[in-house]
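A.B. asks: Below are the sequence and a predicted model for it; my questions follow.
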Amino acid sequence: EADFQGYTKEFITDKIHYFSLLRPFSEFHIAKKFASLPQYHAVFRSCNAGSKTNSWCRKCAKCLFIYSILSPFLESQALINIFGENLLEKSSLLEEFKGLLGFVPVKPFECVGTVSEIRYALALTVRSLQAKGASLPFLLAYFAEHSNIGEILAGQHGFLNFNDENSIPQKFLAIAKEMYAFVTRD
């Protein structure tokens with residue numbers, strides 16, 4: 001964002017101030033809000049591999065991330081309706097899953113959220129399924145076996161706070177903070 005602003009100012013015009021009202025929000029916040037908008041669940045896509053066919057490839061880290069970050073907020077069947085299958089059951093995605101979780105040194109190249117966000121989202125999903133007495137899908141069982149769910153949930157998570165590192169002009173900052181209050185209330 002800052003680089004684009006600098007480029008615009010230097011090479012195009014200083015009359016444009018580029019910013020995003022979503023910058024203060026984490027992927028976790030956006031997923032939480034999006035889950036409450038079922039009218040869009042059947043039509044949204046965020047898969048790089050499936051972008052030309054308007055589909056979810058269901059094999060990449062991006063698909064797995066989106067599925068995982070939505071998992072605390074949507075029932076399993078709703079996620080299956082969106083993606084076509086339960087991605088957390090796919091053992092073939094274990095290496096991508098390890099990358100998203102930071103269990104291996106290289107994070108997936110796709111545009112995905114932070115390790116902390118996905119760990120927190122999945123910990124919420126594990127806790128919810130366990131409270132219902134439901135069995136954990138393959139990848140969630142792997143995560144639960146290799147993580148301290150209680151510690152993850154009890155930790156300090158900066159991504160849950162309003163991100164003050166943004167380029168939102170002062171006159172729009174109140175709007176962004178109102179949006180944040182709306183998204184984060186339970």
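C.D. replies: Good, I have the coordinates.
A.B. asks: only C-alpha atoms for contact and neighbour calcs from this point on.
C.D. replies: Noted.
A.B. asks: Could you check how far Phe65 is from Leu87?
C.D. replies: Per C-alpha to C-alpha, to the nearest Å, Phe65 is found 10 Å from Leu87.
A.B. asks: Select the longest helix from this protein.
C.D. replies: helix 115-131 (DSSP state H).
A.B. asks: right, and the helix or strand after it?
C.D. replies: Toward the C-terminus, helix 115-131 is succeeded by helix 138-145 as the next helix or strand (DSSP states H and E).
A.B. asks: The following helix or strand past that following helix packs against which elements?
C.D. replies: Once the chain leaves helix 138-145, the next helix or strand it forms, by DSSP H and E, is helix 149-154. Contacts defined by 3 or more C-alpha pairs under 8 Å, 6 or more residues apart in numbering; DSSP states H and E place helix 149-154 against helix 115-131.
A.B. asks: Rounded mean pLDDT for the helix it packs on, please.
C.D. replies: Taken as a whole, helix 115-131 has a mean pLDDT of 97.
A.B. asks: and Leu136, what does it touch?
C.D. replies: Leu136 sits next to 126, 129-130 when contact means C-alpha atoms under 8 Å, 6 or more residues apart in numbering.
A.B. asks: Can I have the buried ones of these as a ChimeraX selection?
C.D. replies: Of the contacts of Leu136, the buried ones go into a single ChimeraX selection, burial set by 16 or more other C-alpha atoms under 10 Å:
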select :126,129
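A.B. asks: quick one: stretch 53-71 to chain centroid distance?
C.D. replies: Put simply, stretch 53-71 sits 10 Å off its chain's centre (C-alpha atoms, centre = their mean, to the nearest Å).
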